[in-house]
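model the structure of this input:
(4 chains)
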There are 2 protein chains.
Amino acid sequence: MSGNSLDFPARLRAAGLRPTRQRVALARVLFEAGHRHVTAESLHAEVKASRMSVSLATVYNALNQFRDAGLLREVVVAPGRSYFDTNTGHHHHFYIEPDGELHDFPSEKVTIAGLPTPPKGTRLSRVDVIVRVRR
Amino acid sequence: MSGNSLDFPARLRAAGLRPTRQRVALARVLFEAGHRHVTAESLHAEVKASRMSVSLATVYNALNQFRDAGLLREVVVAPGRSYFDTNTGHHHHFYIEPDGELHDFPSEKVTIAGLPTPPKGTRLSRVDVIVRVRR
DNA sequence: GCAAGTTTTAGAATAGTTCTAATCTTCTTG
DNA sequence: CAAGAAGATTAGAACTATTCTAAAACTTGC
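Next up is the predicted model:
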């Protein structure tokens, strides 16, 4: 009932990506524990600490591919830094401004009313809510 | 009843900024017409087209100072690009993903219910709502 | 196990932004 | 309105995050 199995090669294949050694290593770090927020740099440092080494370029490639495949969601909270969220479900974010820390909160209880309809010729892609807090 | 006068030197002084020639030129481009969204590059190109030349570094400095002084609001919608919005009132944004176009919409009719309380030791700074649409 | 097509990699390249230190402006005071 | 002090501007270097390049190393289907 876990929904997401720990068979990472299979998960990658299901997403249309070849299960290369480095993609599997990255998937393991990203998805084997609970939900996470990473940047390319933080993920690179983490995987380098494990014994499988992956180049930074590959980390960037993999993050973009995982996002395009729907395995990750990109969250833009500050200029010049991209976060990737392993929680692809419907939810929103707290952003703690001074530290650059990001936290999920479930969208179940959040309701947004009165949004205008999208401009002509466009359709809704996503609604991001970012609650910015400071100390 | 216009609220914002066209006396840009006075407005800058009121914001605690010296009305230098380049800041006045930038303020004029930014504030003399209706609300606008600019990037550093777009503002630089625009002001260069007028006869007053301002270096790119100064455009960056001015945008950051204007934002810190509350004259502009920074909107982060895409990684690696900062938009500045001359509308500092309470409102939200449409972001048209393929073009990178940004549009305001008023927050009057928008209500958000059920937001969780900020984590301990933090206080609310702002709630950003970005409605992402695609063609 | 071998080609054919992908992926990885190190390093170069790019984009956006900030920094540096010299020069120039603006403001204050007399 | 002149002089000095403080602050602002500038070109270019530097920096950060990310993407590109082209060669070498994998994966896969047969």
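
is the strand ranked longest in chain A in proximity to chain B?
When chain A is parsed with DSSP state E, its longest strand is strand A:123-134. Yes. Judged by Cβ under 8 Å from any Cβ of the partner chain, strand A:123-134 comes into contact with chain B at A:123, A:124, A:125, A:126, A:127, A:128, A:129, A:130, A:131, A:132, A:133, A:134. Any C-beta I mention is one placed from the backbone N, CA and C, and that applies to glycine too.

so who does residue A:82 touch?
Counting by Cβ atoms under 8 Å, 6 or more residues apart in numbering or on different chains, residue A:82 touches A:39, A:40, A:74, A:75, A:76, B:79.

element containing the fifth one, please.
Meaning residue A:76. Secondary-structure assignment from DSSP states H and E places residue A:76 in strand A:73-78.

how about that strand, does it reach DNA strand C?
No. Using Cβ under 7 Å from any atom of the strand, strand A:73-78 never reaches DNA strand C; the gap is at least 10.2 Å.

and for that strand, what are the contacting residues?
Contacts of strand A:73-78 (Cβ under 8 Å, 6+ apart): A:37, A:67, A:82-85, A:87-88, A:93, A:95, A:100, A:102, A:128, A:130, B:76-79.

of those, just the buried ones, ChimeraX syntax please.
Command for ChimeraX, covering only those of these found buried under the criterion 16 or more other Cβ atoms under 10 Å in any protein chain shown:
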select /A:37,67,82,83,84,85,87,93,95,102,128,130 /B:76,77,78
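
residue A:62: how many residues sit nearby?
A count of neighbours around residue A:62, defined by other Cβ atoms under 10 Å in any protein chain shown, yields 26.

and the residue of chain A most remote from its centre, which of the three is it?
Largest separation from the mean C-alpha position in chain A: residue A:120, at 29.8 Å (Cα atoms, centre = their mean). Using DSSP: H, G, I helix; E, B strand; the rest coil, the three-state assignment for residue A:120 comes out as coil.

picking up where we left off before, now the residues of strand A:123-134 next to chain B in CSV, please, with extra columns for pLDDT and distance to residue B:44.
Shown next, in CSV, are these (pLDDT from 0 to 100; distance: Cβ to Cβ, whole Å):
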residue, pLDDT, distance to residue B:44
A:123, 91, 34
A:124, 92, 33
A:125, 90, 30
A:126, 90, 31
A:127, 91, 32
A:128, 91, 28
A:129, 93, 32
A:130, 93, 28
A:131, 93, 33
A:132, 92, 28
A:133, 92, 33
A:134, 88, 30
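
tell me if the helix or strand encompassing residue A:45 is near DNA strand D.
Under DSSP H and E, the secondary-structure element containing residue A:45 is helix A:40-49. Yes. Shown here: helix A:40-49 in contact with DNA strand D (Cβ under 7 Å from any atom of the strand) through A:40, A:41.

next, the angle from the helix or strand just after that helix to strand A:73-78.
Counting by DSSP H and E, the next helix or strand C-terminal to helix A:40-49 is helix A:56-68. On the basis of axes from the mean of the first three to the mean of the last three Cα atoms, to 10 degrees, helix A:56-68 is oriented at 110 degrees to strand A:73-78.

output the contacting helices and strands for helix A:56-68.
Secondary-structure packing of helix A:56-68 (3 or more Cβ pairs under 8 Å, 6 or more residues apart in numbering or on different chains; DSSP states H and E): helix A:21-31, helix A:40-49, strand A:81-85.

ok, residue A:62 touching residue A:26?
Yes. Between residue A:62 and residue A:26 there is a contact at 5.0 Å, judged by Cβ atoms under 8 Å.

shared neighbours of those two, which are they?
With Cβ under 8 Å, 6+ apart, residue A:62 and residue A:26 have common neighbours residue A:54.

what about residue A:49, how many neighbours?
Neighbours of residue A:49 using other Cβ under 10 Å come to 10.

check what pLDDT it gets.
Note for residue A:49: predicted pLDDT of 89.

and what of residue A:2?
So, for residue A:2, pLDDT stands at 48.

rewinding a little: how close does the residue farthest from the centre of chain A get to chain B?
According to Cβ to the nearest Cβ, to the nearest Å, residue A:120 and chain B sit 10 Å apart.

OK, contacts around residue A:71?
Per Cβ under 8 Å, 6+ apart, neighbours of residue A:71: A:11, A:15, A:27, A:31, A:86, A:88.
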